[in-house]
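S.K.: Prediction below, plus the sequence it came from.
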Amino acid sequence: MKIASYLRVVRASAWYDLVVTAGFATPWTYALVHDALSTLGVLPELDPVQTLYANLMGSVVVVWAVLRLVRPLVLHGLFDGVARVLFTAWQGYALAHGAPRFLWLFLGVEAVFGVLQLAPWGRPGTELRGPLVR
């Protein structure tokens, strides 16, 4: 995969993250997101600890997404791919333990972006290995 193509994937995954997680970044927007997602499946009632964790996750992911949009690097794609493997694993764990089925949609996108960002690293001679910070 060419570096320019790879960085387009990095940016696309950042846009997805920004759109999907921006609503989790504040208590007020998370309440709206929670209400909307509740129409798709049963979610626990809002409480301060759940809101705190949603806000922490949302804030970190929004900042990470903006970094990848403003300064996309090959290295960012590698780390984002690893993070998506972790997110996919934890979403699968949650689904196996009774999380609402709509979570499959998010798991699917996480897995696809994870594969797109990690697969080139497994190919011998990929041009991504040299310029980690380009």
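M.R.: Noted; the coordinates are in hand.

S.K.: how far does stretch 29-45 sit from the chain's center?
M.R.: Computed by Cα atoms, centre = their mean, to the nearest Å, the separation of stretch 29-45 from the middle of its chain amounts to 19 Å.

S.K.: So what touches it?
M.R.: 22, 23, 24, 46, 50, 51, 54, 55, 58, 100, 101, 102 (Cβ atoms under 8 Å, 6 or more residues apart in numbering). For the C-beta atoms, the positions are set from N, CA and C on the backbone; glycine is no exception.

S.K.: one more time with 6 Å
M.R.: For stretch 29-45, the external contacting residues (Cβ atoms under 6 Å, 6 or more residues apart in numbering) are 23, 24, 46, 51, 54, 100, 102.

S.K.: now the helices for this protein?
M.R.: Defined through DSSP state H, the helices belonging to the chain, from first to last, are 3-21, 27-38, 48-70, 74-96, 103-118.

S.K.: tell me which of the contacts of stretch 29-45 is nearest to residue 117?
M.R.: Distance ranking of these against residue 117, using Cβ to Cβ, places residue 24 first at 21.7 Å.

S.K.: The spatially most central residue of the chain and residue 39, how far apart?
M.R.: Centre of the chain computed as the mean C-alpha position; nearest residue by Cα atoms, centre = their mean is residue 17, 5.1 Å away. To residue 39, residue 17 is 23 Å away according to Cβ to Cβ, to the nearest Å.

S.K.: and what of residue 122?
M.R.: Counting by Cβ to Cβ, the gap from residue 122 to residue 39 is 40 Å.

S.K.: quick one: low-confidence parts of this structure?
M.R.: Residues of the chain meeting the criterion pLDDT under 70: 124-127, 129-134.
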